[in-house]
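Visitor: sharing a model that was predicted from the sequence below.
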Amino acid sequence: MNRFWSILFFLVPLLGTGTFLMAAWGMAPFQGAWLPENYSVAGKTIDHLFYLLCWISALIFIGTGIVIGWVLWRYDHRRQQRAHYFSHNFKLEMVWTIIPAIILVFIAFYQMNAWAETKMIRPTIMQNGQAVTKPPMVLVMAKRFGWEFHYAGPDGLIETADDDYIENELVLPIDTDIVLQLETRDVIHSFFVPQLRVKQDIVPGMKQFMWFRATSTAEMEIACTELCGWGHYTMQGRLRLVTPTDYQAWLAERRQRQTPPMNPEQEETGTDQAKPE
Amino acid sequence: MRHVLLQTSRLLAVILIPAILAGCHSSPEPQFRFNRVALLKQEKTDLSEGETYPADYQQEIGNVLTALYGTPDQPRFPFPLGAEDPGHEVLSLENLERAAGPVRTDKLGRTAGLYRELCSHCHGITGDGFGGTAPSLSPYPRDFRLGKFKFKSTPLRRMPTDEDLDRIIRNGIPGTAMPSFRTLTDEEVDALVDYVKYLTIRGQHERRLIAELGNLDGEPFMNFDLLQENDPQGQQVDEETQAENLEEFQAQMYMVVGEYLGEDILSRWVEPEDEISSVEMAPAAFRLDHPAHSNLILQGKSLFYGKANCVQCHGETGLGDGQTTNFDDWTNDWLKTAGVSYDDPASYNDFLQAGALYPRPIIPRNLRIPVFRGGNLPSDVYRRIANGIEGTPMPSSPTLSNEEIWALVCYVKSLPYENEGLPRDELPVNERVVD
């Protein structure tokens, strides 16, 4: 039993790393615990950052675990070695300040583009020869407990009279810059699609924007990831990523449903009244 | 070292043993709750003050319903004619079994016990709209037992189609606590639709039996003594009387199952699709970019304030602040009982004790929010106006012509966006809030 505790401490890096590897390879009982498959362009950068941070942390974690274990093993109390007391060591402190600082500054600069592209630089479209920010194509209205997706009508603008909304189902085209406007009717919610590597809190009174570009067709779940009340768990939506052609067909069908069968005879009698434009 | 381990094991024992004991204790099988509110109402209607019907009746109604419908864990459905029974068109037993019972994985590896997983915490095990969360929701979750459904494609007093119920489950009801269950599979939704119908039919049947209590003169619904070969004195009953008794018993059984259930309830659930109300052609000006579109909106506006009198409830502003002292049918069902007054809570205390939810006036829809509970398609809004909404003060409008209804649809759909660009002080104000 004399080296019991040092063995316990050796187990920490061993089991910790083991658990991670099992999850990453999808071994039982950790199936599905790792990142789900990525479906967005920006997701590749985010995954790359994730793995980079993982590796840095893993090296530090394993190194620290081994050092602690070794110290416990080496200086076991039965060896009757007295500890040497010192109040500070300038060199040692420089080392453990400067190395983490370098790592942190490196990460801060290294991730800057990823952050800017997903959170700051909105996709643009050309309008009259000028690049302007792309207007949101869907207004995501979060509420207790569900999602309303208000699609822009034929005018291409949301929050106008020709909007069409669907409850809990979002259909979006792939290979297209998608811009969503996120709002909430009541409390704080959070829009989370892990497969697209996007997550955004939605705060009452604020308009949030989110953009991404999906790479392949799939069906996935939209989850609320801010505890918003008793029905938080029921706030599940479905996101269908379809090809742009299918999307246009789907949109046309929705618009068709928004237009009831109309009386063609009145078409002519109606035109004599000028519409104030 | 040893005493540390000893302490740890003692600590573990203190934590684990109660947990293990609690885990072994199985909770009792859930039961359907008797409709005491309906019984209390019937007693207040039929009997003089303070009198009650004998408890035997509650027991007998419970027995009849259990025999016909089973329990929450073991559903059954009365198909008296076997495989030929038209009841099979109404619902399938297989679906009921998938939706009923505790949450589990069935033999085919599918999730079962869907109703208890997804619905019961609001609608209750019995479908009485009295689940655990019910008192804190506004509007209250639906009590299925009245057999009334608000958002359907059929006219008033007709049953909803399967597709109507399917849509409510998938879309939810925006503006209420009913969430959308978009992630369920078609099979799962079908199972839930049938289970909702099952709970509704069971609840309707229960109410029907309770309503008959006054006509029984103290006799049971079904007198099983008639099947005995010996009379109460122990004498053998002769064959002729036995035959008569059997005939009488069959007549009693026919009343309980054939008439109350089959003729009065089930017949209305068979093919409600035949009753779907048609949506007539819209005028061409309904199109947003049509030159006469704004005229159609104006026509709708004048109807709103005039002939159709929407303004009475939905208010001058369309914010739903007009008539706000009405109740829906689920509340009126017992609130309109003799001797009960909304202004005097003491007069309906016994109803609250019996399981009624505290009465709240129904709030007319705020039409300035672009969300419609029964769906936002033009045909949905058309049906709400043309057919009215079951169980609420929203009436059907037989006096409006097709074009007038379309004009109203047009106006109502434009209301949320009517004031775009207006200065703030010209926007409509909810007077109740300003007071």
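Guide: Structure received.

Visitor: name the nearest residue to A:C224, sequence neighbours excluded.
Guide: In this structure, A:C224 finds its nearest non-sequential neighbour in A:M235, 3.7 Å apart by CB to CB, 6 or more residues apart in numbering or on different chains. All C-beta spots, glycine's among them, are computed from the backbone N, C-alpha and C.

Visitor: with B:V381 instead?
Guide: Nearest one to B:V381, counting by CB to CB, 6+ apart, is B:V409 at 4.7 Å.

Visitor: what is the neighbour count of the one you found?
Guide: For B:V409, the count of nearby residues is 25 (other CB atoms under 10 Å in any protein chain shown).

Visitor: how many neighbours does the residue nearest to A:C224 have?
Guide: Neighbour count of A:M235, defined by other CB under 10 Å: 26.

Visitor: check contacts around the residue located most distally from the centre of chain A.
Guide: Residue farthest from the centre of chain A, counting by CA atoms, centre = their mean, is A:Q80 at 54.0 Å. Shown in contact with A:Q80 (CB atoms under 8 Å, 6 or more residues apart in numbering or on different chains): no residues.

Visitor: from chain B, how far off is it?
Guide: Between A:Q80 and chain B the computed distance is 18 Å (CB to the nearest CB, to the nearest Å).

Visitor: quick check: pLDDT value at that residue.
Guide: At A:Q80, the pLDDT value in this model is 73.

Visitor: re the thing from before, give me the buried positions along the helix or strand hosting the residue nearest to B:V381.
Guide: Taking DSSP states H and E as the definition, B:V409 sits inside helix B:402-414. Within helix B:402-414, the residues that count as buried by 16 or more other CB atoms under 10 Å in any protein chain shown are B:402-414.

Visitor: how close does B:V37 sit to chain A?
Guide: Distance of B:V37 to chain A, given as CB to the nearest CB: 25 Å.

Visitor: chain center to stretch B:383-395: distance?
Guide: On the basis of CA atoms, centre = their mean, to the nearest Å, stretch B:383-395 sits 16 Å off its chain's mean C-alpha point.

Visitor: how about the helices in the stretch 51-200 of chain A?
Guide: Assigned helices in the stretch 51-200 of chain A, in chain order: A:90-110, A:112-115 (criterion: DSSP state H, counting those that start in this stretch).

Visitor: what do you get for the stretch 101-250 of chain B?
Guide: B:114, B:120-123, B:162-171, B:186-211, B:239-253.

Visitor: same question, the stretch 301-435 of chain B
Guide: So, for the stretch 301-435 of chain B - with DSSP H, counting those that start in this stretch - the helices run B:311-314, B:329-335, B:349-354, B:378-387, B:402-414, B:431-434.

Visitor: re the thing from before, which one of the buried residues of helix B:402-414 is nearest chain A?
Guide: Minimum distance to chain A across the buried residues of helix B:402-414 is 5.6 Å, recorded for B:S414 (CB to the nearest CB).

Visitor: show me how chain A divides into domains.
Guide: Per the record, chain A has its domains at A:4-77+A:90-118, A:131-259, by automatic domain parsing.

Visitor: quick one on the thing from earlier: these two touch, right, the residue nearest to B:V381 and B:I385?
Guide: Yes: taking contacts as CB atoms under 8 Å, B:V409 lies within contact range of B:I385: 6.6 Å.

Visitor: count the neighbours of the residue nearest to B:N326 when sequence neighbours are not counted for me.
Guide: Nearest residue to B:N326 in three dimensions, chain neighbours excluded: B:P393, at 4.5 Å (CB to CB, 6+ apart). Here the number of neighbours of B:P393 (other CB under 10 Å) works out to 16.

Visitor: which residues does B:P393 contact?
Guide: For B:P393, the contact set (CB under 8 Å, 6+ apart) comprises B:C313, B:Q323, B:N326, B:D328, B:I362, B:P364.

Visitor: can you put those residues in a markdown table and add neighbour count and pLDDT?
Guide: Listed next are these as a markdown table, based on neighbours: other CB atoms under 10 Å in any protein chain shown; pLDDT from 0 to 100:
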| residue | neighbour count | pLDDT |
| --- | --- | --- |
| B:C313 | 20 | 92 |
| B:Q323 | 15 | 83 |
| B:N326 | 15 | 90 |
| B:D328 | 23 | 93 |
| B:I362 | 20 | 92 |
| B:P364 | 22 | 92 |
